[in-house]
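Colleague: I'll drop the sequence and a predicted model, then ask my questions.
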Protein chains: 2
Amino acid sequence: MCTTNPKPNPYRSERGLPQVEITSSFWRRYVDLVTEQVLPYQWSVLNGERDVALPPDPGGNPVDEYDTRNHAMRNLRVAAGDMDAPFHGMLFQDSDVYKWLEAVAYALQRRDDPELRRLADEVVDVIARAQRQDGYLDTYFQIKEPERRFRRIQQSHELYVMGHYIEAAVAYWQATGSEKALDVARRMADCIEANFGDGEGMIHGADGHPEIELALARLTEATGEARYAELGRWLLDVRGRDPEFYDEQNRADGWERDFFAVIRDFPRTYYQAAEPVADQRDADGHAVRVGYLCTGLAHIARLTGDASMAASARRLWDSIVRRRMYITGQVGSTHVGESFTYDYDLPNDTMYGETCASVAMSFFARQMLLSEPRGEYGDVLEKELFNGALAGMSLDGTHFYYVNPLEADPAASAGTPDKKHVLTHRAGWFACACCPANLARLITSIDRYIYATCEDGTILADQFIASKAVFPDGVTVDQRGDYPWDGAISWSIANPTDAPVRFGVRVPAWSAKGCELRVDGRRVPADVRDGFAYVDVPAGCEGFTVELDLDMAVRLVRASNRVREDVGKVAVMRGPLVYCAEECDNPGPLWLYSLSAASPTEAGYRFDPDLLGGVGVVTRAAIRAAQDAEDAPLYVDAAERGISELVELKMVPYYAWANRADGQMTVWLNRT
Amino acid sequence: MCTTNPKPNPYRSERGLPQVEITSSFWRRYVDLVTEQVLPYQWSVLNGERDVALPPDPGGNPVDEYDTRNHAMRNLRVAAGDMDAPFHGMLFQDSDVYKWLEAVAYALQRRDDPELRRLADEVVDVIARAQRQDGYLDTYFQIKEPERRFRRIQQSHELYVMGHYIEAAVAYWQATGSEKALDVARRMADCIEANFGDGEGMIHGADGHPEIELALARLTEATGEARYAELGRWLLDVRGRDPEFYDEQNRADGWERDFFAVIRDFPRTYYQAAEPVADQRDADGHAVRVGYLCTGLAHIARLTGDASMAASARRLWDSIVRRRMYITGQVGSTHVGESFTYDYDLPNDTMYGETCASVAMSFFARQMLLSEPRGEYGDVLEKELFNGALAGMSLDGTHFYYVNPLEADPAASAGTPDKKHVLTHRAGWFACACCPANLARLITSIDRYIYATCEDGTILADQFIASKAVFPDGVTVDQRGDYPWDGAISWSIANPTDAPVRFGVRVPAWSAKGCELRVDGRRVPADVRDGFAYVDVPAGCEGFTVELDLDMAVRLVRASNRVREDVGKVAVMRGPLVYCAEECDNPGPLWLYSLSAASPTEAGYRFDPDLLGGVGVVTRAAIRAAQDAEDAPLYVDAAERGISELVELKMVPYYAWANRADGQMTVWLNRT
């Protein structure tokens, strides 16, 4: 066991990551699903080959052609000069293709597929031809308003879109060695470098949607060129420095032009641009923007050693995780601006909880772990992977959530405008289609989230995902287990090097009191420091085993009573999974059920291989109040109460909800 | 005691109302306040003489000149040719003046005031000169778009505005005998009659905002001309008959013209125009529109004997009162479209509960009582008068609520767009200023809500408001008591006629089990039929007394458990008053308190003459959970609970909230 905390590696190429083969039956199913079903499905969508079943327009307007077809690939082909057609879609529609390409890269890295690779190479070719001579690439502006590039960056998403390409290119280059893909990315970054900066005549502001910063960090890791990370650092630093910047740019371009209507409706905090990032105390505004901004902060801080940015990342992490995050990992308490609101404001039924925001939080958690080996980052990452993010996709991979509520009711979604953004069944696609491909790239890159390495060579076993990992120096780790259903996890390690390897195992906070650690079969006290238990793997060994038995008892959890919406309520968890009750298992209304928190031993658990692709089911005694008659008065003497009955409440993992009959769902249940 | 229910008088001029002098200290204070403070204040506002402190714009935009000054009187003077200026304000700004004039009429009916009358006569004179030759009067269209009159009636509010004038004119004529005022009203009605109808070239639709229908009913009662009520009946009948009507009219006028942006955003139900009223099962859409529509339905049905309309009024009454009304009488569950939502959807913190909607429900309840002597109408009216409507004005009469929540939190109003419409302090005025003058006219006409007479001469003592009433036939009723603080009410009746008079006393449903009725000092069993206990007052008697002792114990009330938002909660009532807890009396957060419903005897009550203008205060033992530490984890084991303490919770009447320090308020409290 090591006595001091290892330091993370401040400048480590992503090429140095271990090669990992996923063996987890839970995650292999998802990775296969995305590779075999979701990516081909998305490809056909991106080419406008499908009329996708969009959710009904909240205002009741007819869904027009703009909304039912996605022509992201066509836009690129037009920009490349291959065809002539009008631009079609959202300002940032290009990024749909780039996220798809990034997911394809991860799929190819896992298993080569010449047909898929040929297709991806063609896409890269179109992109390369679409790119302007100076490196600029944004089909909206190239096709529709070439004279206005970089003139409305509060809403233009130009750097955002190019950032997504750079991410895709780095991944594609890593997977295939395509220098062509990487070169397009370099030229984009060069174009940004040529236009943005403190110099005379340059643009003194950052894109209204953060993303480019984290992409530039990745580009530095891939190319070894520090100037890209420095450019990202400048973009983070300039943000909010002049709070008038966007207004002035917009005014110079002409306020009256109806560019993107929302620009006048949201406050500067929506863009994290009301003040310099170093002065921002809380995570405010659009949640996905915050997630990408924070990922960039942590990543750039690590690469450049910028202590202020590291402090900002940590401060915003605390703001989110300690005061503004749902139990399932979702963030974004309001649909208005898809935004954070204020501390402890976590409504369950009017919330947003965008899938992309959970994906962004996964990125942020990963970058924080790479900066500092603390278990809380892995705990949150796990929360996102098994709950908040995963709920964004149906079990068959063809339907998606943009909004992920913790309480849903078809009558409410249909009956009140306040909840019309809450779908009780996933949709086939969205006009604003950021989420499906974002989740796809997270899932296909899941192998990157299992281990982290520190500067001193320490290996952090962060996520419990059965897999075979081979590190560049020949160290191999065979992780086994049936997580999240089973809490027994083992790592069989071979260390062919001539030095011991420190190996840190994350002990989740939820199991800190009840776990057992064994090293080579001998039980050892789990001396947990900042969420990791460390053991030393001797040089030259094979089959060295570390075993962790987590406490998989069903847990009843409550929220801080600063959270008004959860007072008097409990949630059910087991391992990393948050459970929910669905009306198809339990006659509604679900708010008539109450759980006793006093008798946890009554909880039942069993794995049902035939339900929802195989899930662990929790059953628990509950009290169900008789529903008042429809013709009863609305308000009665409080002493008048109907008969309650003892029933068995059945709960399934939250990520698997809404895969059966439409009905109510709730995570939080009344506490008796 | 009578053995059969009396029939209401189907066609009774409002002139036949008793002359009533309010002696109730509670209501006299309010009537004096409105007469002496509110009406002069409003007059200065209507003349643009005041910069009124408007609530901040929800979007954070600067409040411009349009918003800080009201020029309703100037618009009328421009239309009258007295001056030249652009139109200023909302489409329906004229109605601010008309509602003020109506309130002035009631004030003058109570007590003549030559100065006020001179002012009102001048206003009538301006209005008369502003009216076009054919009777049309709407300053927006006259000043701004004369060519478009009656061409966009979905949003134009032209008939709505004229309806408000007609109401004012009837009241002013009743108070002062001004034939000039009434003649303008007749000519308006004639103009509408000339333009709207089934005939060739006429407009086959009704105003998007109901109001004219109830006004025409009042005009028939004032003038005796049945054709006005018949016109109102036609307008009710045509509503929703052709659901495409508005779309077709708007299209004919040119969709592209940005007339009133919301016209495309709201569904037809917003205007109660998706189907004929006879087919509308539920109260849907904009709550004030529904309230005015229903008032018109009940009134026109009574005047014309239209059984279908009477049935519609009753059906919509049930929809509202049984499934869509807050315990305080408010209606309108969402701010989006200021609308009803769906059955049992009664959120307390995101709701709307517009003051005007409670005023409209008062009108509706009154008309229902005049149609059918049932106590539930008076129960709801009382609920509005003492709670929902009255909360719309500060105790000093200079600040107003548009939105009346049942739960408020300054941090929430400031922190989330979902609650930005909820003010925790009343505002000086509004850009859309419908509420202040609406409440003023309700309060100054409170004497009209105390008694109703039936066709057979039965007098219904509907509201417990101490007063001296003189009926046209010489019967006098001296009602005494200190309601709502004291539950002992007495009526001393003189019947100088030569026939007995049947006298019906409303027994509120909340006191049905615990009241005592005495006739001439002798206790009699309260034989309550449909909410009224009837006694016969002999011919020729004087000082015949009826006494009612209501059960004024503090009550704990719960909602039907079909109301998700109120499950596990109780409200505190005493008499007709709903109580609330305010943070200035009880350290917040208020959601940490729980009341036991099992021990009502612990409840304390005392009248505090020095608090909030004199209110009854309820104190009650409550449990207060210790607040979790700010640095505690957001989610913890449900078994971890802090120490709770027994405290005394202090509650004040809901109508008086937000007259002290800013802070949280809640009507519903957790139940242990």
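Modeller: Nice, I can see it. Numbering: from 1, shown residues only, chains lettered A, B, ... in the order given.
Colleague: Let me know how buried A:Ala365 is, in neighbour terms.
Modeller: Applying other Cβ atoms under 10 Å in any protein chain shown, we find 29 residues neighbouring A:Ala365. Quick note: C-beta positions are derived from backbone N, CA and C, even for glycine.
Colleague: Quick one: residues contacting A:Ala80.
Modeller: Contacts for A:Ala80 (Cβ atoms under 8 Å, 6 or more residues apart in numbering or on different chains) come out as A:126-127, A:129-130.
Colleague: what's the most distant pair in these?
Modeller: Farthest pair in these (Cβ to Cβ) is A:Ile127 and A:Arg129. Separation: 7.4 Å.
Colleague: Please identify which of those two sits among more neighbours.
Modeller: Legend: neighbour count by other Cβ under 10 Å for A:Ile127 and A:Arg129, higher for A:Ile127 (26 against 14).
Colleague: My guess is that one contacts A:Tyr165. True?
Modeller: Yes: the criterion here is Cβ atoms under 8 Å, and A:Ile127 meets it with A:Tyr165 at 6.9 Å.
Colleague: quick one: common contacting residues for those two?
Modeller: In contact with both A:Ile127 and A:Tyr165: A:137, A:184, using Cβ under 8 Å, 6+ apart.
Colleague: Which residues of the stretch 201-350 of chain A lie near chain B?
Modeller: Residues of the stretch 201-350 of chain A lying near chain B by Cβ under 8 Å from any Cβ of the partner chain: A:264-265, A:267, A:321-323, A:325, A:327, A:333-334, A:336-337, A:339, A:341-342, A:345, A:347, A:350.
Colleague: could you redo the last one with a cut-off of 6 Å?
Modeller: A:265, A:267, A:327, A:334, A:336, A:341-342, A:345, A:350 (Cβ under 6 Å from any Cβ of the partner chain).
Colleague: Now, of those residues, which are buried?
Modeller: A:327, A:334, A:336, A:341-342, A:345, A:350 (16 or more other Cβ atoms under 10 Å in any protein chain shown).
Colleague: tell me the two of those residues that are most distant?
Modeller: A:Ile327 and A:Val336 (22.4 Å).
Colleague: that older thread, can I get the contacts of A:Ala80 in TSV with secondary structure, pLDDT and distance to chain B?
Modeller: Below are the contacts of A:Ala80 laid out as TSV (DSSP: H, G, I helix; E, B strand; the rest coil; pLDDT from 0 to 100; distance: Cβ to the nearest Cβ, whole Å):
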residue	secondary structure	pLDDT	distance to chain B
A:Val126	helix	98	38
A:Ile127	helix	98	38
A:Arg129	helix	98	39
A:Ala130	helix	98	35
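Colleague: Would you state the predicted confidence (pLDDT) at A:Arg641?
Modeller: pLDDT for A:Arg641: 85.
Colleague: ditto for A:Gly16
Modeller: For A:Gly16, the predicted pLDDT is 54.
Colleague: can you count the residues close to A:Asp631?
Modeller: Count around A:Asp631 with other Cβ under 10 Å applied: 8.
Colleague: so what's it closest to, chain neighbours aside?
Modeller: Spatially, and ignoring its direct neighbours in sequence, A:Asp631 is nearest to B:Arg322 (7.6 Å; Cβ to Cβ, 6 or more residues apart in numbering or on different chains).
Colleague: Ok, A:Met552 next?
Modeller: Spatial nearest neighbour of A:Met552, excluding adjacent residues (Cβ to Cβ, 6+ apart): A:Gly487 at 3.8 Å.
Colleague: Cross-check the contact I'm expecting between the one you found and A:Glu547.
Modeller: No: using Cβ atoms under 6 Å, A:Gly487 is not in contact with A:Glu547, being 10.9 Å away.
Colleague: These two: which has the busier surroundings?
Modeller: A:Gly487 (23 against 20).
Colleague: Now do the contacts for the more buried one.
Modeller: With contact set as Cβ atoms under 6 Å, 6 or more residues apart in numbering or on different chains, A:Gly487 has these partners: A:549-550, A:552.
Colleague: Among those residues, name the ones in strands.
Modeller: A:Asp549 (DSSP state E).
Colleague: Columns neighbour count and pLDDT on top of the contacts of A:Gly487, output as JSON lines?
Modeller: Rendered in JSON lines, the data for the contacts of A:Gly487 read as follows (neighbours: other Cβ atoms under 10 Å in any protein chain shown; pLDDT from 0 to 100):
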{"residue": "A:Asp549", "neighbour count": "18", "pLDDT": "97"}
{"residue": "A:Leu550", "neighbour count": "23", "pLDDT": "97"}
{"residue": "A:Met552", "neighbour count": "20", "pLDDT": "95"}
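Colleague: and chain A, what are its domains?
Modeller: For chain A, automatic domain parsing gives the domain ranges A:19-392+A:399-449, A:451-549, A:555-671.
Colleague: Mean neighbour count, these: which tops it?
Modeller: Looking across the domains of chain A with neighbours counted as mean count of other Cβ atoms under 10 Å in any protein chain shown, the highest average goes to domain A:19-392+A:399-449: a mean of 21.
Colleague: how long is that one from one end to the other?
Modeller: Across domain A:19-392+A:399-449, the terminal residues are separated by 12 Å (Cα to Cα, to the nearest Å).
Colleague: Any stretches of chain A with poor pLDDT?
Modeller: Confidence mapping of chain A against pLDDT under 70 gives the ranges A:1-16, A:52-68, A:255-265, A:598-603.
Colleague: residues in it within reach of chain B, list them.
Modeller: Where chain A comes near chain B, counting by Cβ under 6 Å from any Cβ, the residues are A:59-60, A:265, A:267, A:327, A:334, A:336, A:341-342, A:345, A:350, A:415-418, A:556-562, A:564, A:567-568, A:570, A:591, A:597, A:625, A:628, A:632, A:634-635, A:638, A:670.
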